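Colleague: I'd like to go over a predicted model; first the sequence, then the structure.
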Amino acid sequence: MKQKAKNYHSGFVTIIGRPNVGKSSLMNRMIGEKIAIVSSKPQTTRSRIMGVLSRTEHQIVFLDTPGIHDPRTKLGEYMMHSVRDAMDGMDAVLVLFDVTHITENDLRVAEGMKEKKVPVILALNKIDLATPEQILAATAKAAEIGFEEIIPVSARTGDGVEELIKSLENHLPEGPQYFPEDMITDQPERILCAEIIREKALRHLRDEVPHGIGVEIMKIEALSDKLTEINATVYCERAAHKGIIIGKNGTMLQTIGTEARLDIEKLMDTHINLKLWVKIRPDWRNNASDLKNLGYDS
C-alpha cells in the first residue's frame, strides 16, 4: 500500500451536464480505465456510475450521471432520479459543457448548480475540436453565469485533465480513504458485461434502434480456469428492430458479439464464450418489472 500524504484530501464529485457533452469519456480519462461505456448517441449513460481515482495525495470518487433531459418514459424518469441521487452528499460538482456547442439547456443546468452549497467547477470539454475563438467565447459566457473556475479540457487527448484533477483536489476537504486504492468502480461484473454489449450495439445500429435496446446477462459460468461462458439477451421493442439487430445472415449480431467478447475478455482476463439472443419486449422502457430485470430500479 502506498504511503498516504499527511494532508490527505478525499470526497465525492458529481459530474453533471446535458446528454453527449462527454461526461463518461472525461471520467474514464481521469480514472485511467474504461469503466463507463461511451458512444456518439445521446443518453448512452442510463445509471449513476461510480469511478474512484486514488493517488498518494487524494481519493476522488466521481459519480457519472445520465445527461439531464426531460424524460418521456419510465426509463427516462429513472435516469433523472439517478442524477438527483448522485447529488446527495456530494462534496463538489463538476459541470461539463461541450465547448463547440453550448445550448440553453447547458446554461439552465449551470444556473441550477449555483445554488449548491459546495464548490462548483466548470469544465469546457472537446477543446481539441474547437477554435481559439470558440474557447474564448465559451469562457466568457461561463464567466457571465458566475463561475470563478473554468477549465478547458479534452477528454479525448487528455489536455487540461491534470489541471482539472488538481483543482478538484484543492476543493475537497481533508478526509479518509473511502475505498481500497485498487478499487476503481462499484459496478458489478454482470452490469459491466451488459453495458459493453450495449455499447457495441449503440456503435453499429441505426439511430432509430439504440434507444430501445436493453441487455440482460442471463448466466455467467466458469467452464474452466481459462474459459467462461456468458449468455445474454438483447431486448428491443419492435419486430423490425429485431431484424436490424440480427442483420442479414446474422452478421450484425455477430459483429456486436465479437467486439463485445474482446472487451469482456480484457475485463475478466480470461477467454469468453459469448452467446447472444435477441428478443422483442414491447415498450419495456415503460414497464417497471422489465426495468428492474435490466437493473434500472431505484
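Modeller: Alright, I've got the coordinates. Numbering: from 1, shown residues only.
Colleague: can you give me the strands for the stretch 151-298 of the chain?
Modeller: For the stretch 151-298 of the chain, the strands defined by DSSP state E, counting those that start in this stretch occupy 214-222, 227-236, 271-280.
Colleague: want to try JSON lines for those, with mean neighbour count as columns?
Modeller: Every residue, glycine included, has its C-beta placed from N, CA and C. What follows is the strands of the stretch 151-298 of the chain, written out as JSON lines (neighbours: other CB atoms under 10 Å):
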{"stretch": "strand 214-222", "mean neighbour count": "16"}
{"stretch": "strand 227-236", "mean neighbour count": "20"}
{"stretch": "strand 271-280", "mean neighbour count": "16"}
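Colleague: can you list those in CSV and add distance to residue 126 and mean pLDDT?
Modeller: What follows is those, written out as CSV (distance: least, CB to CB, whole Å; pLDDT from 0 to 100):
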stretch, distance to residue 126, mean pLDDT
strand 214-222, 28, 95
strand 227-236, 31, 96
strand 271-280, 33, 97
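Colleague: can you list those strands in CSV and add distance to residue 146?
Modeller: As requested, the strands of the stretch 151-298 of the chain are exported to CSV (distance: least, CB to CB, whole Å):
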stretch, distance to residue 146
strand 214-222, 40
strand 227-236, 44
strand 271-280, 49
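Colleague: of all those strands, which lies closest to residue 196?
Modeller: Nearest to residue 196 among the strands of the stretch 151-298 of the chain is strand 214-222; the distance by CB to CB comes to 8.8 Å.
Colleague: put the alpha carbons of the closest one into CSV.
Modeller: Included here for strand 214-222 are C-alpha records, laid out as CSV according to Å, rounded to 0.1, in the frame of the first residue of the first chain:
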residue,chain,number,x,y,z
GLY,A,214,-31.7,-3.3,-23.3
VAL,A,215,-29.2,-6.1,-22.3
GLU,A,216,-29.7,-8.7,-19.7
ILE,A,217,-27.0,-11.1,-18.6
MET,A,218,-28.7,-14.5,-18.1
LYS,A,219,-25.7,-16.5,-17.0
ILE,A,220,-22.0,-16.2,-16.3
GLU,A,221,-20.4,-19.6,-15.7
ALA,A,222,-16.7,-20.5,-15.4
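Colleague: ok so, going back, looking at the strands of the stretch 151-298 of the chain, which is nearest to residue 190?
Modeller: From these, taking CB to CB, the stretch that ends up closest is strand 214-222, at 4.7 Å.
Colleague: sorry, back to before: of all the strands of the stretch 151-298 of the chain, which one is nearest residue 297?
Modeller: When the strands of the stretch 151-298 of the chain are compared by CB to CB, strand 214-222 sits nearest residue 297, at 12.9 Å.
Colleague: contacting residues around the closest one?
Modeller: 189-191, 193-195, 197-198, 201, 228-235, 270, 281, 284-285, 290, 293-294 (CB atoms under 8 Å, 6 or more residues apart in numbering).
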